[in-house]
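>>> kindly generate the corresponding structure for this input.
(chains A and B)
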Amino acid sequence: MTGSPPLLVVAGPTATGKTALAIDVALALGGDGIPAEVISADSRQVYRGLDIGTAKPTLEERRGVAHHGLDLVDPDAPFSVADFVDHVALVLPAIAARGGLAILAGGTGFWLRAIARGLDTAALPSDADVRRRVEAELATAGIAAAAGRLATLAPTLAAGIDTRNPRRVARALEIAELVGDRPLPPPLGYDGPVAWLGLDVPRPLHDRWIADRARAQFDAGLVEEARALRTRFDPSLPAFSAIGYAESWALLDGEIDRETAIERDAARNVAFAKRQRTWFRREPGIEWLDPSAGDLLRRAIEVAAGLMSAR
RNA sequence: GGAGGUGUGGCCGAGCGGUCAAUGGCAGCAGACUGUAAAUCUGCCGGGCAACGCCCUACGGAGGUUCGAAUCCUCCCGCCUCCA
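Predicted structure coming up:
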């Protein structure tokens, strides 16, 4: 009846096996007659063509489990949390109608939170023209001037953001111009049972997993994928800040050798994982599991089953 | 053999007599993050301390000049380029 099915969130830093676990759980539940579908919450896997570099699960790896959140737009299309929220809002009711479980798996903490805690995107509109103007203002007048204008235009909003961060200032100005000065809306919450699982591996081991995956991606043709993408799209697109592409291009251009490219790829992933941990540390209620230790699948299935009966 | 260049903190790279424990970048550590979030931003980042100040160790090595050197001189070591 509800538009929201039980939601199992699988969080954690990159290269810890979130996707694989999500699929395993979905298959296990499917075996018990409960349709479970995976929703990827990954800000780079939404782009078509960024496959190897984003570790997007292949059709084979998906093993027949329905996936959402993948290949939503071309790399030159803007795609923000709000777009993700919209997409998921379409997917969720369908899963609910089938009496299924939604498994939201991914490393983009902000997106995970937007779904599982309910980001009120309607209260925080966006407008391309306003946005363009505000960004131009920021570029010419500078961050200090823009922050100053924000402080007078929308003191409440200004007080709540990092006024040294150009992106935050731009967004706050955009909101201020569109809806005026008002406090940020509280989270909407999730309309159904939710459980958070987090996957993490001890650092030294994780570093190795990351290095291995980086090499595997290069072996699997990441460079060729990057080369092809560059012929069709502007390399400065936000999508290509995904790890692995700049490294591949540098390799193609003869600036670095293959080993260096792999090393850099891994190093960036390690740093990224660190930022992800910082984010998830602040996320309350995560049950952390170590994929290198015990049988996390059993536990994950337990939690999933619990969610279904809590429905 | 001759001419020249170069050696700086984990890496890259400024500094070229004092205001230098040494700009900046990267990496690292900690953190923020309600529409670019694999993004963006902030703080810390030689060691020690009774610590808004002091001490120690530091700019290839050893000496020297100077009140004072990473910065000048000498020798040595390493690397690079050019001429033979």
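
>>> run the chain-centre distance for the helix or strand encompassing A:P204.
Assessed by DSSP states H and E, A:P204 sits inside helix A:203-219. Put simply, helix A:203-219 sits 20 Å off its chain's centre (CA atoms, centre = their mean, to the nearest Å).

>>> all the helices of the stretch 101-250 of chain A, residue numbers only.
Here the stretch 101-250 of chain A has its helices, by DSSP state H, counting those that start in this stretch, at A:109-113, A:128-141, A:143-153, A:155-159, A:166-179, A:203-219, A:222-232, A:245-252.

>>> which residues touch A:I243?
By CB atoms under 8 Å, 6 or more residues apart in numbering, the contact set of A:I243 is A:G53, A:D265, A:R268, A:N269, A:F272. Heads up, the C-betas are built off the backbone N, CA and C, glycines and all.

>>> local confidence estimate at it?
We have a pLDDT of 96 for A:I243.

>>> list phi and psi for it.
With angles defined as degrees, to the nearest 10, A:I243 sits at phi -70, psi 130.

>>> what's around the nearest residue to it once chain neighbours are set aside, how many residues?
Closest residue to A:I243 apart from its sequence neighbours, by CB to CB, 6 or more residues apart in numbering: A:R268 at 4.7 Å. Using other CB atoms under 10 Å, the number of residues around A:R268 comes to 18.

>>> just A:A97 next, same as before
Other residues within reach of A:A97, judged by other CB under 10 Å, total 11.

>>> and for A:V169?
Neighbours of A:V169 (other CB under 10 Å): 27.

>>> from A:I34, how far out is the residue nearest to A:I243?
Separation of A:R268 from A:I34 (CB to CB, to the nearest Å): 38 Å.

>>> near RNA strand B, which residues of the stretch 101-250 of chain A?
The stretch 101-250 of chain A comes close to RNA strand B at residues A:107-111, A:119-121, A:123-126, A:135, A:162, A:164-168, A:170-171, A:175, A:184-187, A:238, A:241-244, as judged by CB under 7 Å from any atom of the strand.

>>> buried subset of these?
Among these, those classed as buried by 16 or more other CB atoms under 10 Å are A:107-109, A:111, A:119, A:121, A:124, A:135, A:166, A:168, A:170-171, A:175, A:242-244.

>>> among those residues, which two are most distant?
Spatial extent of those (CB to CB) is set by the pair A:I175 and A:G244 at 33.6 Å.

>>> hmm, back to that, among the contacts of A:I243, which are in helices?
Taking DSSP state H, the ones among the contacts of A:I243 that sit in helices are A:D265, A:R268, A:N269, A:F272.

>>> before we move on, the earlier item: show me what counts as buried in the helix holding A:P204.
In terms of neighbour count (16+ other CB under 10 Å), helix A:203-219 has its buried residues at A:H206, A:D207, A:W209, A:I210, A:A211, A:R213, A:A214, A:R215, A:Q217, A:F218.

>>> okay, among these, which ones form the most distant pair?
Within those, two members stand farthest from each other by CB to CB: A:H206 and A:F218, at 19.0 Å.

>>> just to revisit the earlier point, list the contacts of the helix holding A:P204.
The contact list for helix A:203-219 (CB under 8 Å, 6+ apart) reads A:13-16, A:52-53, A:55, A:200-201, A:244, A:248, A:258, A:261-263, A:265-266, A:269-270, A:273, A:292.

>>> how near is the closest residue to A:R264 other than its chain neighbours to A:R227?
Nearest residue to A:R264, sequence neighbours excluded (CB to CB, 6+ apart): A:E247, at 4.9 Å. According to CB to CB, A:E247 stands 12 Å off from A:R227.

>>> how far off centre is stretch A:4-12?
Counting by CA atoms, centre = their mean, stretch A:4-12 comes out at 13 Å from the chain centroid.

>>> tell me the mean pLDDT over it?
In this model, stretch A:4-12 has a mean pLDDT of 97.

>>> what is the burial count for A:A271?
A count of nearby residues for A:A271, using other CB under 10 Å, gives 11.

>>> state the pLDDT value of it.
Note for A:A271: predicted pLDDT of 94.

>>> same check, this time on A:D257
86.

>>> next one: the residue lying closest to it once chain neighbours are set aside from A:G244, what distance?
Ranked by CB to CB, 6+ apart and with sequence neighbours excluded, the top spatial neighbour of A:D257 is A:L251, at 7.2 Å. According to CB to CB, A:L251 and A:G244 sit 10 Å apart.
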